Each structure stands twice: as C-alpha cells, then as structure tokens.
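> take a look and give me a structure for this.
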Amino acid sequence: MIPRYTKPEMASIWSDENRFKKMLDVEIYAAEAMSQSGVIPKSAVDKVKKKAKINIDRINEIELTVKHDVISFLTAVVESIGPEARFLHLGMTSSDVLDTALAAQMRQACLLLIEETKKLCDITKKLAKQYKYTPTMGRTHGVHAEPTTFGLKVATWYSELKRSLDRLQYALKTVSYGKISGAVGTFAHLSPKVEQYVCKKMGLLPEPVSTQIVPRDRHSIFLSAIAHVGSNLERIAVEIRHLQRTEVAEAEEPFTKGQKGSSAMPHKRNPIISENICGFARLLRGYAVTAMENIALWHERDISHSSTERIMMPDATIGLHYMLKRMQGLLSGLNVYPENMQINLDKTKDVIFSGTLLLSLVDKGLTREKSYALMQKLAFEAREKRISLEEVALKNDEIKKYLSEKEIRRDCDIKTHFKNVDFIFKRVFKSK
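All right, here's what the predicted structure looks like:
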C-alpha cells in the first residue's frame, strides 16, 4: 500500500522486520521442540537463539542469486550463527515457515482491525443515541417514503458494524492455524509434537490436515470478512454522500480549518472522505474474489496464490485499517442539520402519512384495494394542489364516513411513527 493510505500501526505488522522475525521465531521454536526429544542438542539451540540475527540487506542480496526467499533468509541467518545453524530447518519445508509466520501476521492484523472496529461501534452508538428522536425523511428508491429518525438511521449502521465485528472475530479464529508438517503434510521427517510446540508458542493451533501449505479457504474467510467490513463502511459513506448533496443538506462531513474543496470553485465542500471509503471498498471486494480463487491449487500445492498474497494481505488490512480510522474521524465530527431534515420533511407536506390513513381505513372495514385507491387519489390531489393531505382528507366525504376528524389528525401526526423507537434502541443496544 502506498504511504498516503498507510498508518504506522498496521504497516509495522507487514514490515520486512516483523515478517523475518516471525519466520525466525518459527525456526527457533521448531529447534527447541526437537531439542526436547533429543533430536538436537540443547546447547546448539541456546547458541542459535543467542547468535541468530536478521540482516534484511543481506537477505535481499542473497535472493538476487538464489531466487528463493526462504533459502535467502536461512542463508543469511546461518551466516550469523556458525556451525550450530545446521540444526535449523530440519525436516521442514519453506511453507512450514512461511504459512505459520503469515498466520501470526494475519492474527496481529486482525486484532488491530477488531480494536478499530470496536472504536467505531462506540462512536456510532453515541451518535445514534444523540439523534434518537430527531425526525428525518425515510427514503426508498431515493424518494420520500415515511418518516424515521436520524438516530434510527445511525442505529442500523451500528447493528451492521456489530455483525462485521463478529465476522472479524470468526476470521481471527479461522486464520490462527499454522503447520510444521513437511513437504506434503505427512510429518515424514518431523514429529507432530514439533508442530504442536511451535503453534502454541506462536499463539496458533495446528492445522488438522495440511498439504504443503495451510488450506487457503482460511485466508479466503479472512479477506471476505475484511471485504464485508469495507462494504459496511461503504454503506455509511454512500448515505453521507447523499445527505451532503446541496439539495438535501441534512448532514455533512467535517471540514477542517484551512481545508480546500476545489481548485477551481472556492465554495465547494465535498464529501471526499466518504468517496475515498467507497473507492477502497471496491479494492477489498476484489481481494476477496482473488482469495477465493486461491483456494483451488494444484495437488498438494502450487505457487499461484503466493504472488497475490504478498500484495493483498498487507494491502487489504492496511486499507481497511485506514478506512476505519477515516470513518471514525468522519462520524466523530459529522455535522448534522436537524433544521434541514425538517425542511425536507415539509417538502412533501404530510402525504407521507398516506399509509397510516390507509391502515386506519382498513381497520374500519374498508377493503385494502378501495382504501389504497382512495388514499392514492387524495395524496395525488394534495401534491397537485400543494396543500396538506390532512386538509384534503378532512374535506373528503368518502373518508369521513370511516374516520373522524380526530382520527385523521392523529394519523397525520409524525409522532405516530416513532412510538416504537425506544423498543428498537433497547433491542439494538441491549439496554435495560
């Protein structure tokens, strides 16, 4: 990922230093396990642990010749150790090291994503409660539907974020598996106890049955969870982009001091954070597709997955981490304009209560078909004459056969739509 979108906390996880450190940990833990069963002298392991050094420049230099990352890594480490280095990598294959180290990195990255998602949940919860009863126009197909509250709108974001959090927690468990089982996963030259020891030390579980690699369905679950969170954030961003439109103007991204919206038009305040998030979500979904295509490898393994993972594991996690941080800042500083919400509610006057009146007519014994036809006629009349539906209904002899003036006025009161808001909030936020 380019530096523009990279935060240091996540970047450090995917740094060469951290990657090679994890690889060296795998090698040393494997040697420790073998020493416990007498395969390797304990004194040799002690010297390996004391002398082993990671020299990234030297690793890169060796790889120019050998064209193999694990061999270049091992060769450079061996140079720092001396004769005892012969006890490293006994019975192991490259993917024993790479996949187990990668699992540890994915675990680190996932924990960081979970932490940031929790922070965003807290921000969203606070915002929802702040605007719990703030009336706003509900829209379907982009058209005025029935009233809702801005708090309920935000509560749906929170609820979806909680599901995304669950997916990340599941992904964390799914990718927390390593393997030290040899060239095709048969433990031909290793004891399964070595795998158990290494995985425990690395905070992982042993892959129940591996080939040369950990099966890639695990990695697919991880990247799919990331794509889900990204799509969750995109849903919020799309909503804010619409609400910030000039003709809507119900909410607006924070605009910091000195910020400029357009090089040509000084008046512009654009929803750039939301648009940025929408773009990133497309990348994350693409990575999820690639991860699924990596599941079906030839026989016990090919390396068609390898090049893609070198790109998408860092990029997907760094990208989502950046998105989460951006959305935290957006929602923390979101400008909300209840007065504009009311103006937009008033644009269609009270025709938005046609459904409430329809149900009251049905309750009085009129068929749904006749009730619908009557209310559609009255709603269209109100729109054409630019007067309220309540006024039209109070003057209509047909509707007055079924509903009293009090009942008509009741059904045209916005409060009737919010009687269960508290119930929804208790259900979403689990409050008593």
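
> hey, let's count contacts and neighbours off CA atoms from now on
Will do.

> what residues go with each domain of the protein?
3-254+266-342, 351-411 (automatic domain parsing).

> surely residue 29 is within a helix?
Yes. According to DSSP: H, G, I helix; E, B strand; the rest coil, residue 29 belongs to a helix.

> that one: neighbouring residues, count only.
22 (other Cα atoms under 10 Å).

> for residue 216, same thing?
Using other Cα under 10 Å, residue 216 has 18 neighbouring residues.

> what about the nearest residue to it once chain neighbours are set aside, which SS state?
Setting aside the residues directly before and after it, residue 216 is nearest to residue 295 in space (Cα to Cα, 6 or more residues apart in numbering), at 4.7 Å. The three-state label given to residue 295 by three-state DSSP is coil.

> still on that earlier bit, so which of the domains of the chain is nearest residue 423?
domain 3-254+266-342 (11.2 Å; Cα to Cα).

> gap between the two ends of that closest one?
43 Å (Cα to Cα, to the nearest Å).

> buried residues in stretch 30-40?
Of the residues in stretch 30-40, 30, 31, 32, 33, 34, 35, 40 count as buried by neighbour count, 16 or more other Cα atoms under 10 Å.

> residue 245 and residue 8, how far apart?
34 Å.

> which one of those two is surrounded by more residues?
residue 245 (15 against 10).

> of the domains of the chain, flag the one that's most buried.
Neighbour counts (mean count of other Cα atoms under 10 Å) averaged over each of the domains of the chain peak at domain 3-254+266-342, with a mean of 19.

> now do it, average pLDDT.
The pLDDT scores in domain 3-254+266-342 average 95.

> for the nearest residue to residue 322 once chain neighbours are set aside, give me its contacts.
Spatial nearest neighbour of residue 322, chain neighbours left out: residue 5 (6.1 Å); criterion: Cα to Cα, 6+ apart. By Cα atoms under 8 Å, 6 or more residues apart in numbering, residue 5 lies in contact with 318, 319, 322.

> my guess is the last one contacts residue 7. True?
Yes. Residue 322 lies in contact with residue 7 (Cα atoms under 8 Å); the separation is 6.6 Å.

> ranges for the strands of this protein?
135-140, 143-149, 177-178, 205-206, 251-252, 335-336 (DSSP state E).

> pop out the phi and psi values for residue 246.
Reported as degrees, to the nearest 10, the phi and psi values for residue 246 are phi -50, psi -40.

> give me the subset of the contacts of residue 5 that lies in helices.
318, 319, 322 (DSSP state H).

> any chance of the domains of the chain in CSV, plus distance to residue 428?
Supplementary listing: the domains of the chain in CSV, determined by distance: least, Cα to Cα, whole Å:
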stretch, distance to residue 428
domain 3-254+266-342, 7
domain 351-411, 25
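
> which of those sits closest to residue 421?
domain 3-254+266-342 (7.5 Å).

> quick revisit: how about the strands of the chain in TSV, adding distance to residue 86?
Output for the strands of the chain, formatted as TSV (distance: least, Cα to Cα, whole Å):
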stretch	distance to residue 86
strand 135-140	68
strand 143-149	69
strand 177-178	23
strand 205-206	25
strand 251-252	63
strand 335-336	64
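
> out of those, nearest to residue 356?
Nearest of the strands of the chain (Cα to Cα): strand 143-149, 9.5 Å.

> identify all contacting residues around that closest one.
Defining contact as Cα under 8 Å, 6+ apart, one finds that strand 143-149 is touched by 131-139, 345, 348, 352-353, 414, 417-418.

> can I get stretch 390-410 in PDB? Just the C-alpha atoms.
What follows is stretch 390-410, C-alpha atoms only, in PDB (Å, rounded to 0.1, in the frame of the first residue of the first chain):
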ATOM      1  CA  GLU A 390     -54.800  16.300   6.300                       C
ATOM      2  CA  GLU A 391     -56.700  19.200   4.800                       C
ATOM      3  CA  VAL A 392     -57.700  17.200   1.800                       C
ATOM      4  CA  ALA A 393     -58.800  14.200   3.900                       C
ATOM      5  CA  LEU A 394     -60.900  16.500   6.300                       C
ATOM      6  CA  LYS A 395     -62.800  17.800   3.300                       C
ATOM      7  CA  ASN A 396     -63.400  14.400   1.700                       C
ATOM      8  CA  ASP A 397     -66.900  13.000   2.300                       C
ATOM      9  CA  GLU A 398     -65.900   9.400   1.500                       C
ATOM     10  CA  ILE A 399     -63.100   9.100   4.000                       C
ATOM     11  CA  LYS A 400     -65.200  10.900   6.600                       C
ATOM     12  CA  LYS A 401     -67.600   8.000   6.500                       C
ATOM     13  CA  TYR A 402     -65.000   5.900   8.200                       C
ATOM     14  CA  LEU A 403     -62.600   8.300  10.100                       C
ATOM     15  CA  SER A 404     -63.400  11.100  12.500                       C
ATOM     16  CA  GLU A 405     -61.600  14.400  12.400                       C
ATOM     17  CA  LYS A 406     -59.700  13.400  15.500                       C
ATOM     18  CA  GLU A 407     -58.600  10.100  13.900                       C
ATOM     19  CA  ILE A 408     -57.500  11.900  10.700                       C
ATOM     20  CA  ARG A 409     -55.400  14.400  12.600                       C
ATOM     21  CA  ARG A 410     -53.900  11.600  14.700                       C
END
